[in-house]
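S.K.: Here is the input, now give the coordinates:
(6 chains)
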Protein chains: 6
Amino acid sequence: MTSLPLRDADTCRYDLVSLGEVMLRLDPGEGRVRTTRTFRVSEGGGEYNVARALRRVFGMRTAVVTALADNEVGRLVEDCMLTGGVDTSLVRWVPYDGVGRSVRNGLNFTERGFGVRGALGVSDRGHSAASQMAPGDVDWDHLFGVLGVRWFHTGGIFAALSASARAVVGEAVEAARRHGTIVSYDVNYRPSLDNGSLGLPDVDVAIGVPDVRKFPDLSVAATTTRRVLSASRNDFGAVAWSPATGVVRATERTGLEVLDRVGSGDSFASGLIYGLLTGRPLEIALEYGAAHGALAMTTPGDTSMATAAEVMALAGGAGAAVRR
Amino acid sequence: MTSLPLRDADTCRYDLVSLGEVMLRLDPGEGRVRTTRTFRVSEGGGEYNVARALRRVFGMRTAVVTALADNEVGRLVEDCMLTGGVDTSLVRWVPYDGVGRSVRNGLNFTERGFGVRGALGVSDRGHSAASQMAPGDVDWDHLFGVLGVRWFHTGGIFAALSASARAVVGEAVEAARRHGTIVSYDVNYRPSLDNGSLGLPDVDVAIGVPDVRKFPDLSVAATTTRRVLSASRNDFGAVAWSPATGVVRATERTGLEVLDRVGSGDSFASGLIYGLLTGRPLEIALEYGAAHGALAMTTPGDTSMATAAEVMALAGGAGAAVRR
Amino acid sequence: MTSLPLRDADTCRYDLVSLGEVMLRLDPGEGRVRTTRTFRVSEGGGEYNVARALRRVFGMRTAVVTALADNEVGRLVEDCMLTGGVDTSLVRWVPYDGVGRSVRNGLNFTERGFGVRGALGVSDRGHSAASQMAPGDVDWDHLFGVLGVRWFHTGGIFAALSASARAVVGEAVEAARRHGTIVSYDVNYRPSLDNGSLGLPDVDVAIGVPDVRKFPDLSVAATTTRRVLSASRNDFGAVAWSPATGVVRATERTGLEVLDRVGSGDSFASGLIYGLLTGRPLEIALEYGAAHGALAMTTPGDTSMATAAEVMALAGGAGAAVRR
Amino acid sequence: MTSLPLRDADTCRYDLVSLGEVMLRLDPGEGRVRTTRTFRVSEGGGEYNVARALRRVFGMRTAVVTALADNEVGRLVEDCMLTGGVDTSLVRWVPYDGVGRSVRNGLNFTERGFGVRGALGVSDRGHSAASQMAPGDVDWDHLFGVLGVRWFHTGGIFAALSASARAVVGEAVEAARRHGTIVSYDVNYRPSLDNGSLGLPDVDVAIGVPDVRKFPDLSVAATTTRRVLSASRNDFGAVAWSPATGVVRATERTGLEVLDRVGSGDSFASGLIYGLLTGRPLEIALEYGAAHGALAMTTPGDTSMATAAEVMALAGGAGAAVRR
Amino acid sequence: MTSLPLRDADTCRYDLVSLGEVMLRLDPGEGRVRTTRTFRVSEGGGEYNVARALRRVFGMRTAVVTALADNEVGRLVEDCMLTGGVDTSLVRWVPYDGVGRSVRNGLNFTERGFGVRGALGVSDRGHSAASQMAPGDVDWDHLFGVLGVRWFHTGGIFAALSASARAVVGEAVEAARRHGTIVSYDVNYRPSLDNGSLGLPDVDVAIGVPDVRKFPDLSVAATTTRRVLSASRNDFGAVAWSPATGVVRATERTGLEVLDRVGSGDSFASGLIYGLLTGRPLEIALEYGAAHGALAMTTPGDTSMATAAEVMALAGGAGAAVRR
Amino acid sequence: MTSLPLRDADTCRYDLVSLGEVMLRLDPGEGRVRTTRTFRVSEGGGEYNVARALRRVFGMRTAVVTALADNEVGRLVEDCMLTGGVDTSLVRWVPYDGVGRSVRNGLNFTERGFGVRGALGVSDRGHSAASQMAPGDVDWDHLFGVLGVRWFHTGGIFAALSASARAVVGEAVEAARRHGTIVSYDVNYRPSLDNGSLGLPDVDVAIGVPDVRKFPDLSVAATTTRRVLSASRNDFGAVAWSPATGVVRATERTGLEVLDRVGSGDSFASGLIYGLLTGRPLEIALEYGAAHGALAMTTPGDTSMATAAEVMALAGGAGAAVRR
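M.R.: Below you'll find the model as predicted:
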């Protein structure tokens, strides 16, 4: 059993709040960044994607704590976030200087890869408004205490943006726990951020840890497992541990066809969290995570276009026959 | 032998006429209907697709009996049908009321699926002009008797649209048989239409029947066989039966790569009918059907972009090497 | 003076709620519906567009009361509405029958026109979920009394959809007035709906009336004035009347360049209402309406992409010089 | 009066047959040929466009006599021609040599221009199948005598392709007149073809002549008049002469907004011919031509997307207000 | 006469070298940045655009001195610059830190505007590699002395990026003059850069000065004149001064149709410089500048797609008739 | 050892010069040529592609000797070639006649295929400027002797265009060898050109030979090996021979996912040549060729979008994991 001591839904405005950066993803489709002449854009961010999926895929009430520079690019990110259904009232809007010297919005130029050519991403996120967030910017006691939040999610991408971002993570985690909010953290290792060595904050649920058995103080540790046969084909599974269940494993999907793998880890996290938030056993929650991660790889963009019904059907063993 | 008693081509204006609804398909490409901002459009309809392929792929003279509401959408369907080369002179144009209360054109929002995410279609075809066709609307004796038709094709999608459509099917089949026209019927099972339980009219050739050996009164019974490994990969074959040959099987294609499976059953039907219309043995006709069905899954849209030469080459065992 | 007796913002969850149908607009860009092979899609609806603009352009809290069939098309409309920022919690989701016989979502195939070729729209909205709304479907007393709404907007498109829709309008207007909510109504004349002869409900503000001086019981009557030089160039102005001001006129813009005029009347309405909601004099509110209507014609789609700052700048006489 | 001695429709399979080349137009949209990375394609040809418009805009029965090389490009042209509704049974398909040394299909890279930048076209039509047509290729007596044709149209583009093409024109015109078919000829001056000095064959109706009064042997002479204010704005009118009417002039449209002017002369011709084919007075036929030419400039591509109703409405003075 | 003492072409590798930043422009086409989901990309930069046009439009040998961060975005800018034909061997490639904290590439999100909605640009160029260029980075004596350059161009955008960029401008101008290279400087006023108050360096030719008569020490002072009737229509002219000619004016183009005005000032500069570089009188050079600026406004993007022949034809009074 | 006697880089302006035709490729994306309405365009040519990849992928100095007709299409090819970074100063520009009778530019309509549907190309290259090149057109002694070239590449496509092209190949190969330039030749068998029977000129390195052991006079013979499982999946390897090494084989990649195989042979050649030009052992050079050929199949178009680092990583055994 993984019965996390969740706060009651009626006493909370939000089922989940994420803290993290939201970037504009620029995607060259089947081409490459370095030679394209067109980009499709959408929003994404490791921590945010979890809040988005819980809202659009699983129908929960979510919000994101982040900061954006108030220019046309930031407003485009907002336009995308509205599509994502995530409450944007907690976004800090920072005045823009007209040039981007003092503050900017994070950008993420990422191509999906194909076959022997791996996915490739360049983030252009220096000096972003999110990376400049600092302790004291957010009234966490109001958020967790007055508005009420059942689950708080953040992770190692945001924490690696700057020392002040890292301090905000600490401040937020502490406040969340103080108010009885469950806290999850996705390590989300990125070589460009060199965030592999950041320690884990004091959380309930850790995702993306290299070995789920190594964190006996956690309520749940979980991670995806992936073998990259090619950019277009992966073996994909998931493993989790809790004190009550020990190690459990999700269905391994071998030779999974991949259109765009970016964001699949976040989709795994959201499926897992959805299961835990709704009181499913860890085995089931893990299957939700694995199925949602798999589905997210079948569509372009960082974020998932799946439905809860599809996640549950796939988790339950359904095939890919046509529905009409 | 499957020598069907075909009428002579010289005495017939049409090699084949289909009766059925033609819908506008709206296709979000590699995305999903629920989140797209662009659609590609083309026309399609289970019965119509057979007439289209016999015309464009196999070079025969075909027409479609259907009805359309006379508005810009209906005219767009006509524009697509003209591209399809199918004679449109038998289309009934029904006046539009400006709103779509009394009569409409059928729409079909369908996404192709990818990997573990299956193809998904939503038809919006209520109150369509085709579904409102009724006995007496068409002068079948003029069509079959005066103009002359060698083969008449209809099926279980149109029959399921309404009681009056079903009556039109009965009326047409009877008239066709009276004039010596071979009649084929594709069961085309669709859960949304609940057409699995409709009985088979009195036809010569039945397609899409669950078990080809169960219809000893038919001249030919045939169906595709498909194992959905994923939306992007199917095992695909076909089986047929005739009194003379008993059960015959086409080449099984395992691990067939699929771009868009929608319409492959209709392409199977058209390849089979082409073989039978040109007097090939059932084994060969069945190979044409299976090869054409396979080729149709390599291009977007309900309808086939293959050529007769490609169908015959694939049926004869040719590979996918580049031609240039 | 046009000081409408507005409810206090603090006591109301919403600044404005619209009642009306939201359709999916399918737009062939610079081509025509009847010959296109691609559509861009967005959402739109005469009454809804006002709520959307007040939210996205003017930053107010708005919602829409409507109904949608729960299929992929309805979910696409929802996806677009989320982008629009309008609260979707008041949407009624009606189960879909898989075919569209009992209930559907409204569609709107509209091309923008160019030069001597006028804009042209075909709506396919028969049997829509919105048109089937009936008295008793909505708990208006909860909405206006408990949640609180400062301004209620509806109009002659929704009212013309069906007798039951008309009854819902009556029921809603009465409830709104009972709770002190200001009510506006846009006549929105459409030949396809034959809604020119519908009487005006008992409202405070009427928009789109043929002659603003003919409604002495209203607090405000207003309308745009337009001379269509071509589909690409209009003379565009606005006129309003109130008991205190008599007839006032907005700046007339002659030879205004038009990209897509559809929705400009709704943008006029939203600018006017914004002005009135924020206590501006009618002259200023009317200028906001005229400026917003003009800006909405410079972008594709039914809905506005302008900002409040741009509306106010244009209303104040600013030119179209580059900003960078 | 311009009562041309037209053959009876019942005795003719075709209302009009055109003789000319059909090219693939490659259109860079709002960009330029020399820097684009995408082309939209459609079919076009000065003589063919008249047959296409009479079929798709005016609902008449038309065909084209032409030749195409039988390769994928030729089949793409056929695909477009089918969309155009023109009977393709008179097309000669010439075997392709795999390289294009002996025979090719004509291509037409044309950009629309904008403002001070004029439209610009490069034709790549050397060695085309059409240019290699020769006397004896077509059984004109069968066409005009057995099948029956009411109106035959050809022109100075096809005639300038080669000496043999010119001889085919002569052969065809003579045969047409022998069978009582009305013959029209559009001079269609093109500097690249140096066809200004070709003499006029012995025809009934001449279009595009520099001075309509200089051809007293004709039944009708007509031409458009155009003043190019910019690529985006033209003054556009038309003038015609007949023995009975003398010189007549169509409504002059000043400052007409132009999206793509290419093909407007052919649309003028088709509107005029439609009027004459249906027995309208020359004044009315000329107005149809001028209105259709104006409408054709509001859409991309060489060919018209207008409807007969729109042509007649514009010819009758209608404006460009929205219809919905 | 404006006979500038130009170095001999045979002794110089380059006809012109520009110093400035090259940004990636992201263009939403006819939509807006804040609501788009797709961008077209191209490269641009006030100083660079002059070198590009002299190469691609006028066929001269040019290079750009700039710096780029060595990541996928920088390589995309290089890809675009190669298309532009400008020699890229003088580009400094700065190692990227994976995040964009220390160095980035400049981005420019710009929409073109339409009618009453003006063009709008947001540059995101803080911390760009170009803005971090510093004295000593470039061996100017090698460039001007050994390789040889006839004309050096820079301007007020680059100079405003940073104090070190300003110092580089000073260093370069001094070196150029020391080696007998003509120097031009475009003030290029941008509110976002607050560069209106930067003094003019010691140059031969100044462009974009508010009043051409106020700089008696210059060889040539010139500027465009523009009256913005709307974003789609400008009155556009140019004025220049030289000691020998006094004030001269180019043809004024009233009501010029504008597709995308961004970059037209740079196109003016390049046309003017081309004239001066080839020894034309100032009057002629000014007409080249005005014509080229006008043509550049008829195509998307910052840079010109015109040809020298088109520039000269328009400067000579040619119209916008079709060429084919 | 395969130590080819390479000329010193310092004494040569170019590392490699190719002789061959450059065509405009028109690509229908995931659709088919015969039914598409849009094409993406890029440039390509068997011999040219090698020069392009050596420049853009491997950073060497390359040029192409070819001829183009001087019209908008030729200028579009030039625009693409500039993007390719290949020096265009050796291109012969032939005046265009306005029609394409005497000279044209080569076009290549090619679709990529999918699954059981093979790639399909139609070249339309008759009468191209390149095919009309003749001995004496190029001053080879100036190129090889004065400018200096380390490696010269040509092949069996250009040689098959015409007798005069074949003679130019002979003339060039002889001149290259006379000046100590290494010469490679890619047989590049094409059924449409019937070039299988052309003899091999007197070269150092032969590519695409059916059996690498059959040419003992060569320094290196090499070829790819390919088993077409489907258009989307190939087994792909390479084999080479040199006197010193005998037969060597590259890593065999089984089940390689293919997006667009066209041009992969040229990418193989360029990788191999890069290895040999930089003095790598044949085994390594062959691995570079095989890896580059594999990467080129993961992107659209004839030409490669890979980087040297990616080629070397894949050749060294790296996988397709995401990089970010």
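S.K.: A:S18 contacts A:V64, correct?
M.R.: Yes - at 5.0 Å, A:S18 counts as touching A:V64 under the criterion of CB atoms under 8 Å. C-beta coordinates here come from the backbone N, C-alpha and C atoms, glycine included.
S.K.: Between these two, tell me which one has more neighbours.
M.R.: Set A:S18 next to A:V64 and count neighbours by other CB atoms under 10 Å in any protein chain shown: A:S18 wins out with 32 against 28.
S.K.: for chain E, what are the nearby residues on chain A?
M.R.: Counting by CB under 8 Å from any CB of the partner chain, the positions of chain A adjacent to chain E are A:26, A:32-42, A:71-73, A:75-76, A:79, A:96-102, A:104-105, A:107, A:109, A:120, A:122-127, A:191-193.
S.K.: can you list the residues of chain A near chain C?
M.R.: A:79, A:82-85.
S.K.: returning to what we had before: filter the residues of chain A next to chain E by proximity to chain F?
M.R.: When contact is defined as CB under 8 Å from any CB, those meet chain F at A:32, A:34-35, A:120, A:122-123, A:191-192.
S.K.: Quick one: buried ones out of those?
M.R.: Buried subset of these (neighbour count, 16 or more other CB atoms under 10 Å in any protein chain shown): A:32, A:34-35, A:120, A:122-123, A:192.
S.K.: For A:D70, give the beta-bridge partners.
M.R.: The bridge-partner assignment for A:D70, based on DSSP bridges, gives A:P95.
S.K.: Pretty sure it sits against A:D97.
M.R.: No - using CB under 8 Å, A:D70 is not in contact with A:D97, being 10.5 Å away.
S.K.: For these two, indicate the residue with more neighbours.
M.R.: Set A:D70 next to A:D97 and count neighbours by other CB under 10 Å: A:D70 wins out with 18 against 14.
S.K.: so who does the more buried one touch?
M.R.: Contacts for A:D70 (CB atoms under 8 Å, 6 or more residues apart in numbering or on different chains) come out as A:93-96.
S.K.: how deep is the residue in the stretch 1-150 of chain A positioned nearest to chain D tucked in, by neighbour count?
M.R.: Residue nearest to chain D within the stretch 1-150 of chain A: A:R37 (5.9 Å; CB to the nearest CB). By the criterion of other CB under 10 Å, A:R37 has 17 neighbours.
S.K.: State the pLDDT value of it.
M.R.: According to the prediction, A:R37 has pLDDT 98.
S.K.: can you pull the contacts of it?
M.R.: D:37, E:40-42 are the contacts of A:R37 under CB under 8 Å, 6+ apart.
S.K.: Export the residues you listed to TSV and append columns for secondary structure.
M.R.: Output for the contacts of A:R37, formatted as TSV (DSSP: H, G, I helix; E, B strand; the rest coil):
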residue	secondary structure
D:R37	coil
E:R40	strand
E:V41	strand
E:S42	strand
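S.K.: Please identify which of the residues you listed is nearest to F:G319.
M.R.: When these are compared for distance to F:G319 (CB to CB), E:V41 wins out at 29.8 Å.
S.K.: In contact with the closest one, which residues?
M.R.: Contacts for E:V41 (CB under 8 Å, 6+ apart) come out as A:36-39, E:24-27, E:76, E:80.
S.K.: Bridging across strands, which residues link to it?
M.R.: When assigned by DSSP bridges, E:V41 has beta-bridge partners E:L26.
S.K.: what about the strands in the stretch 1-150 of chain A?
M.R.: For the stretch 1-150 of chain A, applying DSSP state E, counting those that start in this stretch gives strands covering A:14-19, A:23-27, A:38-44, A:62-70, A:91-95, A:107-111, A:120-124, A:149-155.
S.K.: from the buried ones among the ones next to chain F among the residues of chain A next to chain E, which two are the most distant?
M.R.: Within those, A:T35 and A:S192 form the most distant pair, 21.4 Å apart (CB to CB).
S.K.: pretty sure A:G319 is in contact with B:V228, am I right?
M.R.: Yes - look at A:G319 against B:V228 with CB under 8 Å: they come within range, at 5.4 Å.
S.K.: For chain A, which residues score under the pLDDT cut-off?
M.R.: For chain A, the stretches with pLDDT under 70 are A:1-2.
S.K.: please redo it, this time with the cut-off set to 50
M.R.: Chain A contains residues with pLDDT under 50 at A:1.
S.K.: Residue numbers of it in contact with chain D?
M.R.: Within chain A, the residues that sit near chain D (CB under 8 Å from any CB) are A:R37.
S.K.: Could you grab the helix/strand/coil label for A:L286?
M.R.: Classification of A:L286 using three-state DSSP returns helix.
S.K.: And it, how close does it get to D:V149?
M.R.: For A:L286, the distance to D:V149 equals 75 Å [CB to CB, to the nearest Å].
S.K.: And for A:S197?
M.R.: Distance from A:S197 to D:V149, by CB to CB: 84 Å.
S.K.: If you count surrounding residues, which of the two has more?
M.R.: Using other CB under 10 Å, the more surrounded residue of A:S197 and D:V149 is D:V149, with 26 against 7.
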